[in-house]
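Visitor: Would you be able to build a 3D model of this:
(one chain, ligands or ions: 1)
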Amino acid sequence: MPSYAFFDGKFMPLSEAKIGIVTHAFNYGTACFEGIRGNWNEEQGQMYIFRLREHYDRLLESCHVLQIEIPHTMDKLIALTIELVQRCGYREDTYIRPLAYKSSEQVGVRLHNLEASFLIFAMPFGPYLDIDKGAKCCISSWQRVDNDMIPIRAKINGLYVNSALAKTEAVEKGFDEAILLTHHGHVSKGSGENIFILIDGQLVTPPASDNILIGITRDTVMKLAKNELGIETIERSIDPGELYTAEECFLTGTAAHVTPVIEIDHRKVGRGAAGGITKKLQALYFDVILGKNKRYLDWCTPAYKLVKS
Ligand SMILES: Cc1ncc(COP(=O)(O)O)c(C=O)c1O
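Guide: From the prediction side, this is the model:
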């Protein structure tokens, strides 16, 4: 199945969308991006793009931080994304990557006096972590970049070297995922996920001030926990020791969905398997992202025009 990109203001085969080696963003990481999932509902023959508008809201905020102007309205961004998914025509879970970048072919570190471009590509994308078995995690020796180094609410490409270092260290040590701490020693997040723990039946997650990316999946899970299970989430700093004694722990992210954490630094979380609340939230979440829960259909953008038989 051929892949397509929206690049240089037009749709083209992904294999033809290329940038030059002097491109500013390639040399200095001066770009920002989003990761959006299209979730394939086999029964309905439909691809539901999850919380598309919220992802573009965050992309536009990231662009603002990097002084990048995208020459498209929100409605146009949404329409372009739907058209790209339609052109690709995948009938499986899909990852959609919009990216805005400093495109001038110039050497010199800065943000000003540079041209910017915007692109989107899409590709088939299955599970990122094992959502059934759960993930074994370690606390990383790499600390999460602090907000006074790079604005961490923006999804800036260069920032992801921090995540890459932590992820590779974890995998090379035999773990599935890394958990990064802040410079103050508080739990911040996974390499590409937000983190939740369950203590005394209460969900707890780090606050924005602990240098997290404010995840759209994090928000989704907090709303589902409240509306569907009557569980409020407390946003407060978490000490690493609390991870060891938590009843349950899970990671959230567009790529990772809701992934149970079953071990941290070789210590079992709970019984060392996905916990009860985690499983309930997982089930609710998958119904929602697949467009199966009518209450949350507003979060799902159907990409395909269905032909009535
Ligand atoms: C660093 C980081 N934190 C958290 C998340 C989760 O955010 P979201 O749920 O919006 O995908 C991501 C995923 O994009 C991420 O890269």
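
Visitor: When you work out contacts or count neighbours from here on, use the C-alpha atoms and nothing else.
Guide: Fine.

Visitor: Got the phi and psi for the most centrally placed residue in the chain?
Guide: Nearest to the mean C-alpha position of the chain, by C-alpha atoms, centre = their mean, lies residue 254 at 3.8 Å. The phi/psi pair for residue 254 (degrees, to the nearest 10) reads phi -60, psi -40.

Visitor: Looks like it contacts residue 36 (just checking).
Guide: Yes - judged on C-alpha atoms under 8 Å, residue 254 makes contact with residue 36 at a distance of 6.5 Å.

Visitor: joint contacts of those two?
Guide: Residues touching both residue 254 and residue 36 (C-alpha atoms under 8 Å, 6 or more residues apart in numbering): none.

Visitor: Could you list the buried residues of stretch 199-211?
Guide: 203-211 (16 or more other C-alpha atoms under 10 Å).

Visitor: next one: stretch 157-164
Guide: Buried, per 16+ other C-alpha under 10 Å, within stretch 157-164: 157-159, 163.

Visitor: Over it, what's the mean pLDDT, rounded is fine.
Guide: Averaging pLDDT along stretch 157-164 yields 98.

Visitor: residues in contact with it?
Guide: Applying C-alpha under 8 Å, 6+ apart, the contact partners of stretch 157-164 are 28-33, 142, 144-145, 150, 152, 191-192.

Visitor: between those residues, which is nearest the ligand?
Guide: Distance to the ligand across those (C-alpha to the nearest ligand atom) is lowest for residue 192, with 3.7 Å.

Visitor: State the distance from the closest one to residue 235.
Guide: Taking C-alpha to C-alpha, to the nearest Å as the measure, residue 192 falls 19 Å from residue 235.

Visitor: So for those two, which sits in the more crowded spot?
Guide: Between residue 192 and residue 235, residue 192 has the larger neighbour count (other C-alpha atoms under 10 Å), namely 22 against 14.

Visitor: Could you list the buried residues of stretch 146-154?
Guide: Neighbour counts over stretch 146-154 (16+ other C-alpha under 10 Å) mark 146, 151-154 as buried.

Visitor: Could you do stretch 225-242 as well?
Guide: For stretch 225-242, a neighbour-count test (16+ other C-alpha under 10 Å) marks 225, 231-233, 237-238, 240 as buried.

Visitor: Which single one of these is nearest to residue 301?
Guide: residue 225 (22.3 Å; C-alpha to C-alpha).

Visitor: Report the secondary structure state of the closest residue to that closest one other than its chain neighbours.
Guide: Spatial nearest neighbour of residue 225, excluding adjacent residues (C-alpha to C-alpha, 6 or more residues apart in numbering): residue 231 at 5.1 Å. State at residue 231, reduced to three classes by DSSP: H, G, I helix; E, B strand; the rest coil: coil.
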